[in-house]
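In: below are the sequence and a predicted model for it; my questions follow.
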Amino acid sequence: MSNDFNKNEDALKTAWSQVRQKLEVIEKGGGEKAIQKQKEKNKLTARERIEYLIDADQPFIEIGAFAGYEMYAEHGGCPAGGTVSGIGYVSGRQCVIVANDQTVKAGAWFPITGKKNLRMQEIAMENQLPIIYIVDSAGVYLPMQDEIFPDKEHFGRIFRNNAKMSAMGITQIACVTGACVAGGAYLPIMSDETIMVEGAGSIFLAGPYLVKAAIGEDIDLETLGGAITHTEISGIADYKFKTEKEALDQVKKTIGKLGDTTTAGFNRTVAQKPSKPEDHIYGVLSEGNTKPYNTLDLIGCIVDADSFDEFKQDYGKTIVCGYARVDGWAVGIVANQRMMVKNKKGELQMGGVIYNDSADKAARFIMNCNQKKIPLVFLQDVTGFMVGSRSEHSGIIKDGAKLVNAVANSVVPKITIIVGNSYGAGNYAMCGKAYDPRFIYAWPTAKIAVMGGEQAAKTMLQIQVAAMKAKGAVVSPEQEKEILQRITDNYTRQTKPYYAAARLWVDAIINPRETRRVISEGIAAANHNPNIPEFKTGVLQV
């Protein structure tokens, strides 16, 4: 290995180590004291519940671990959005799992909690996966009720989705291990089956204190809405158990009895290991992603050995397209090429930039994959579309629109991995969050922004200084430098993957060596939904 490769490897492993350090803090939820209080009540934590529920020999892909990261500081924070969620296997069946974390503000719902839960329901609906709710929540976080309660994508949408999923025939199971209060009480009752833990689980529209205040009735929690009440008197719940593990065992039994369903029929053969060693993927990108690299080297770390069949190899070279297999699954890959390459006229083109010919090629390839029912994988490291008079006169907007149209109307599953840059309209053309990828993940090296940091900071500096001068202020070079640094620091913070993951612009920040696994699990999930619409595109400028 070269010195450059070793430096690259060290830098990316260090970046992933920093992600892991942050995750270790997040995984403690509300902290050691809050966890200890759970133990004193003979209750498992959200992560322990999931660990007990899922099959030990199968992968679990956590979604939204960074949700809420560095948000809500004035409210004490909301680690992982107050829930632990992901896709795992229960009794051999791939399922979506959502578990309230009672150690975080008693499992109360912050705005990001609602967004995360809706994302998990979206995953269940898009892929027709069973969904398991492990309920232990105090309901809406009242100090922020105006940001979580009334709007279309707020708390109430959860129950609307419950009803929609039921109509779609998607299995929903609620295991009530703690409180389930007010509007949240509808979630388990709108699920197919409700399981409760005696002495811990409770379901009611109003708790004892509110009942006393509203109608003057004195009543204890268990009598009002405990497991015995709802299995023997109201009939709301279906099963009650003495312990959480017994309740989770019932979930396993129920999932284990589900009938087989029709699949989408995505092609899969026996998996082959990639031609590159597993750790080779760490050495492809330079530190800070400042140097060009050959995207084919990256692809070779992800796809099955000798499976990549490049499409239009000598045309539109700043985007690499090709058919391949990932863990045996047939895929179509669309990836930005970061090397300087020569076009058909022998002219050098900047890597990571989308030119007319590369946009045209990628659009055609995406259409081909839709016709053949081959899932698409996007590997993003894009700085945007080529600008300037030459590109404009050649119709870059037209060709870019053609690519965006193909991505937007694509009906096969799309999985996006943001490897490096994800700037401007390039984010859209390469299937960013707004274009409905089934799953979207980021490497620790990802940067998501409308433009690169240096250009953006200088643009904002010019605007800010001009505004100050218009008001009669005299701005010295030193002041300009200070303003530029402040703008740059803030912009850099906003482009980091942590910022994106906190707001669920991406589903997770992943270890680069896990790229192959998350793609495979994503296609496995998508294969559960056999309903692939007819592929149609809109009006295209030719």
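Out: That came in fine, so what should we check first?
In: quickly note the distance from the residue of the chain most remote from its centre to K342.
Out: In the chain, the greatest distance from the average C-alpha position (C-alpha atoms, centre = their mean) is reached by G472, at 47.2 Å. Computed with C-beta to C-beta, to the nearest Å, the distance linking G472 and K342 is 53 Å. The way it works is simple: take the backbone N, C-alpha and C, and place the C-beta from them, glycine included.
In: just checking, V104 touches V84?
Out: No - under the contact definition of C-beta atoms under 8 Å, V104 does not touch V84, with a separation of 9.9 Å.
In: how about stretch 386-405: buried residues?
Out: If you call a residue buried by 16 or more other C-beta atoms under 10 Å, then stretch 386-405 has these buried ones: M386, S391, G395, I396, D399, G400, A401, K402, L403, V404, N405.
In: take these and write them to a markdown table, including pLDDT, secondary structure and distance to P413.
Out: Below are those laid out as a markdown table (pLDDT from 0 to 100; DSSP: H, G, I helix; E, B strand; the rest coil; distance: C-beta to C-beta, whole Å):
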| residue | pLDDT | secondary structure | distance to P413 |
| --- | --- | --- | --- |
| M386 | 80 | coil | 29 |
| S391 | 76 | helix | 32 |
| G395 | 69 | coil | 30 |
| I396 | 82 | helix | 29 |
| D399 | 84 | helix | 25 |
| G400 | 87 | helix | 23 |
| A401 | 90 | helix | 23 |
| K402 | 92 | helix | 21 |
| L403 | 94 | helix | 18 |
| V404 | 94 | helix | 18 |
| N405 | 94 | helix | 18 |
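In: so which of those is the closest to C369?
Out: Nearest to C369 among the buried residues of stretch 386-405 is L403, at 13.3 Å by C-beta to C-beta.
In: other SSEs contacting the helix or strand encompassing I397?
Out: I397 is located in helix 396-409, with elements delineated by DSSP states H and E. Counting contacts by 3 or more C-beta pairs under 8 Å, 6 or more residues apart in numbering; DSSP states H and E, helix 396-409 is packed against helix 356-372, helix 424-429.
In: partner strands of the helix or strand that the first one is followed by and their direction?
Out: Stepping forward along the backbone from helix 356-372, the first helix or strand reached (DSSP H and E) is strand 376-382. The pairing partners recorded for strand 376-382 under DSSP bridges are strand 329-336 (parallel), strand 414-423 (parallel).
In: mind checking how far strand 376-382 is from the chain centre?
Out: Here strand 376-382 is found 15 Å from its chain centre; the criterion is C-alpha atoms, centre = their mean, to the nearest Å.
In: beyond that strand, next helix or strand please.
Out: strand 384-385.
In: looking at that next one now, give me its mean pLDDT.
Out: On average, the pLDDT along strand 384-385 is 86.
In: per-residue confidence for the nearest residue to E198 once chain neighbours are set aside?
Out: What sits nearest to E198 in space, not counting adjacent residues and going by C-beta to C-beta, 6 or more residues apart in numbering, is A227, at 4.4 Å. At A227 the predicted local confidence, pLDDT, stands at 94.
In: just P111 next, same as before
Out: As predicted, P111 sits at a pLDDT of 95.
In: that one and P143 touch, don't they?
Out: No - at 11.2 Å, P111 and P143 do not qualify as touching, with contact defined as C-beta under 8 Å.
In: what about the two, which has more around it?
Out: Taking other C-beta atoms under 10 Å, P111 and P143 do not tie; P111 has more neighbours (24 against 13).
In: what separates the closest residue to G420 other than its chain neighbours from T14, distance-wise?
Out: Counting by C-beta to C-beta, 6+ apart, D381 is the residue found nearest to G420 once chain neighbours are left out, at 3.6 Å. When C-beta to C-beta is the yardstick, D381 and T14 sit 19 Å from each other.
In: one more: R503?
Out: As judged by C-beta to C-beta, R503 and T14 stand 25 Å apart.
In: how about A406?
Out: When distance is defined by C-beta to C-beta, A406 is 38 Å away from T14.
In: which parts of stretch 465-484 count as buried, going by neighbours?
Out: Taking 16+ other C-beta under 10 Å as the neighbour-count basis, stretch 465-484 is seen to contain the buried residues V465, I483, L484.
In: how about stretch 61-78?
Out: When neighbours are counted by 16+ other C-beta under 10 Å, the buried residues of stretch 61-78 are found to be 61-69, 71-72, 77-78.
In: can you map out the helices along the stretch 201-350 of the chain?
Out: If DSSP state H, counting those that start in this stretch is used as the criterion, the helices of the stretch 201-350 of the chain fall at 208-215, 221-225, 227-228, 244-256, 295-302.
In: same check on the stretch 401-542 of the chain?
Out: Going by DSSP H, counting those that start in this stretch, the stretch 401-542 of the chain shows helices at 424-429, 453-470, 477-495, 497-502, 515-526.
In: got the angle for the second one vs helix 477-495?
Out: When axes from the mean of the first three to the mean of the last three C-alpha atoms, to 10 degrees is applied, the directions of helix 453-470 and helix 477-495 differ by 130 degrees.
In: which strands and helices sit next to helix 453-470?
Out: helix 477-495.
In: same check, this time on the first one
Out: Here helix 424-429 touches strand 376-382, strand 384-385, helix 396-409, going by 3+ C-beta pairs under 8 Å, 6+ apart.
In: same question, the third one
Out: The contact analysis (3+ C-beta pairs under 8 Å, 6+ apart) places helix 477-495 against strand 447-449, helix 453-470.
In: including distance to Q36 and mean pLDDT, could those go into CSV?
Out: Compiled in CSV, these are given as follows (distance: least, C-beta to C-beta, whole Å; pLDDT from 0 to 100):
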stretch, distance to Q36, mean pLDDT
strand 447-449, 38, 93
helix 453-470, 43, 80
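In: what's the most buried one of those?
Out: Between the helices and strands packed on helix 477-495, the one whose residues have the most neighbours on average, counting mean count of other C-beta atoms under 10 Å, is strand 447-449 (a mean of 22).
In: pull up the pairing partners for that strand, direction included.
Out: According to DSSP bridges, strand 447-449 forms sheet pairs with strand 414-423 (parallel).
In: so the strand it pairs with versus helix 295-302, what angle?
Out: Our comparison of strand 414-423 with helix 295-302, counting by the same axes, to 10 degrees, yields an angle of 140 degrees.
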